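Asks: dropping a prediction and its sequence here:
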Amino acid sequence: MASTSSPTAGGKESRMRLRNLLPNLHLGYWTPGPLNSLTDVPGVRVHTQEIFADDGNVNTGVTSILPREDWFDKACYAGIFSFNGSGEMTGSHWINETGLLHSPIVITNSFAVGAAYQGIYEYTIKSRGTTKGTVDWFLLPVVAETFDGYLNDLTQFAVKPEHIVKGLESATSDRVREGNVGGGTGMICHYFKGGTGSSSRVVEGFDSKGEPKTYTVGVLVQANFGRPQHFRIAGVPVGRILAQEADQAAESNAGIKMAREALEKEKNRKDGSIIVILATDAPLHPVQLQRLAKRATVGVSKVGGYGHNPSGDIFLAFSTSNEVPVQSESVDRLRPTPITVDVIDDSSINGLFEAAADSTEEAIYNAVCMAETMVGNQGHTIEALPLARVKEIMERYS
């Protein structure tokens with residue numbers, strides 16, 4: 001059933017990231033990292049894989065993230081913010097309880113959470129060399145999802161645990177692939193083809209000795225939310241203009257009108273979602289990371305997200321700076337024992353907040369700009385954002 005060739009429509013427009021389309025566009029005051037990607041944060045590794053069926057009805061995938069090389073024994077401090085909770089992120093209770101992330105992160109479709117959960121366990125058993133019949137460690141897998149049922153036949157349960165094992169074994173520090181890839185393969189954003197996007201910012205600061213130091217904030221999104229009339233690029237109402245043009249086209253074309261009405265009905269029933277993963281090498285403690293995760297909301301809202309009732313908008317931030325020992329058998333659990341960590345002074349955190357918001361905004365743009373038109377389940381078609389027309393609109397407003 002599975003294949004690797006994407007079911008895209010003919011006559012494709014060349015895809016590019018937003019900065020390549022609009023080089024002079026202002027997207028905040030902080031400079032992107034070398035890759036402008038989540039993997040600009042040292043040690044973070046990512047893999048994206050797509051799953052298709054020959055009949056065109058299965059269009060889904062998996063995004064796999066390793067927060068650091070030794071994620072098993074050395075936890076990252078982490079924090080979660082739920083902008084709207086109509087979605088799932090497993091392991092979140094434990095992160096809220098302890099402020100610790102010591103699991104890979106997998107993002108996929110809504111019906112694949114179980115397979116992804118099992119896959120993380122299978123990968124851990126394999127990579128840890130666990131003796132058959134014995135598990136002497138603790139792990140709550142972190143799996144997040146968004147709904148791709150308009151373009152993907154969820155009843156096929158195409159994602160299997162072996163996809164997760166492969167993804168985690170193949171994760172690299174390369175720039176994250178974007179558009180119709182990974183868990184974002186079958187996603188829709190503001191009624192255009194959505195998917196996976198990433199961005200980063202570098203913030204100048206100081207280390208604990210007062211010496212100059214730069215910190216990176218990287219973001220990965222699985223974008224599957226929003227209405228066309230709400231879509232904005234740097235404040236320009238691009239979505240409203242394109243929606244008006246689409247309405248005019250539908251008046252003279254019954255096929256276009258029917259397709260738009262079908263999509264509208266589907267999105268009224270289940271309005272997408274967005275998962276945002278934020279990583280940083282700045283030494284933040286769990287409460288600060290909750291606050292950083294909240295700032296993803298600013299980026300989502302600048303693009304045009306409102307956190308509608310059926311949307312699962314869940315954001316996870318983690319820091320690779322401090323290494324918190326877990327799985328240790330040498331600790332006396334009845335004798336309190338301190339560890340030493342660095343933390344950022346709260347009064348100096350604003351640059352990181354801005355970086356989180358701006359990186360989230362740009363990551364969503366990259367997801368939509370890189371995504372291609374897809375013909376999916378039952379012949380449903382979602383068009384790519386028309387980049388040439390977007391450039392014309394933006395140049396007119398500038």
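Replies: Thanks, I have the structure now. It should be emphasised that the depicted structure is a prediction, and the values quoted were computed from it without experimental measurement. Numbering: from 1, shown residues only.
Asks: going by C-alpha atoms from here, please, whenever you check contacts or count neighbours.
Replies: OK.
Asks: helices of this protein, residue ranges please.
Replies: Assigned by DSSP state H, the helices in the chain fall at 18-21, 92-98, 113-128, 161-170, 238-251, 254-269, 286-294, 296-303, 350-370, 387-397.
Asks: most tightly packed of the ones you listed?
Replies: Stretch with highest mean neighbour count among these: helix 350-370 (a mean of 27; mean count of other CA atoms under 10 Å).
Asks: put the alpha carbons of that helix into PDB.
Replies: Taking Å, rounded to 0.1, in the frame of the first residue of the first chain, the C-alpha atoms of helix 350-370 are listed here in PDB:
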ATOM      1  CA  ASN A 350      11.900  39.400  26.700                       C
ATOM      2  CA  GLY A 351      14.200  38.700  23.700                       C
ATOM      3  CA  LEU A 352      13.500  35.000  23.900                       C
ATOM      4  CA  PHE A 353       9.700  35.700  24.100                       C
ATOM      5  CA  GLU A 354      10.000  37.800  20.900                       C
ATOM      6  CA  ALA A 355      12.000  35.100  19.200                       C
ATOM      7  CA  ALA A 356       9.500  32.400  20.100                       C
ATOM      8  CA  ALA A 357       6.600  34.500  18.700                       C
ATOM      9  CA  ASP A 358       8.400  35.500  15.500                       C
ATOM     10  CA  SER A 359       9.800  32.000  14.800                       C
ATOM     11  CA  THR A 360       6.300  30.500  15.200                       C
ATOM     12  CA  GLU A 361       4.800  33.000  12.800                       C
ATOM     13  CA  GLU A 362       7.500  32.300  10.200                       C
ATOM     14  CA  ALA A 363       7.300  28.600  10.600                       C
ATOM     15  CA  ILE A 364       3.600  28.700   9.700                       C
ATOM     16  CA  TYR A 365       4.400  30.800   6.600                       C
ATOM     17  CA  ASN A 366       7.000  28.300   5.600                       C
ATOM     18  CA  ALA A 367       4.600  25.400   6.000                       C
ATOM     19  CA  VAL A 368       2.100  27.000   3.700                       C
ATOM     20  CA  CYS A 369       4.500  28.400   1.200                       C
ATOM     21  CA  MET A 370       6.300  25.100   0.800                       C
END
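Asks: so for it, mean pLDDT?
Replies: For helix 350-370, the mean pLDDT works out to 98.
Asks: same thing with stretch 40-47?
Replies: For stretch 40-47, the mean per-residue pLDDT is 98.
Asks: how long is it end to end?
Replies: Terminal residues of stretch 40-47 are spaced 14 Å apart (CA to CA, to the nearest Å).
Asks: how far away from the center of its chain is it?
Replies: Centroid displacement of stretch 40-47 relative to its chain, using CA atoms, centre = their mean, to the nearest Å, is 13 Å.
Asks: run through who's touching stretch 327-345.
Replies: Residues from elsewhere that reach stretch 327-345 (CA atoms under 8 Å, 6 or more residues apart in numbering): 72, 73, 137, 138, 208, 282, 283, 284, 285, 322.
Asks: give me the buried positions along it.
Replies: Residues of stretch 327-345 classed as buried under the neighbour-count rule (16 or more other CA atoms under 10 Å) are 343, 344.
Asks: which residues does the residue nearest to residue 364 when sequence neighbours are not counted form beta bridges with?
Replies: The spatially closest residue to residue 364, leaving aside those adjacent along the chain, is residue 197, at 5.7 Å (CA to CA, 6 or more residues apart in numbering). Bridge pairing for residue 197 (DSSP bridges) gives the partners residue 221.
Asks: residue contacts, residue 197?
Replies: 176-179, 220-223, 363-368.
Asks: just put the residues you listed in a markdown table and tack on distance to residue 125.
Replies: Output for the contacts of residue 197, formatted as a markdown table (distance: CA to CA, whole Å):
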| residue | distance to residue 125 |
| --- | --- |
| 176 | 26 |
| 177 | 28 |
| 178 | 30 |
| 179 | 32 |
| 220 | 27 |
| 221 | 28 |
| 222 | 28 |
| 223 | 31 |
| 363 | 33 |
| 364 | 34 |
| 365 | 37 |
| 366 | 35 |
| 367 | 33 |
| 368 | 36 |
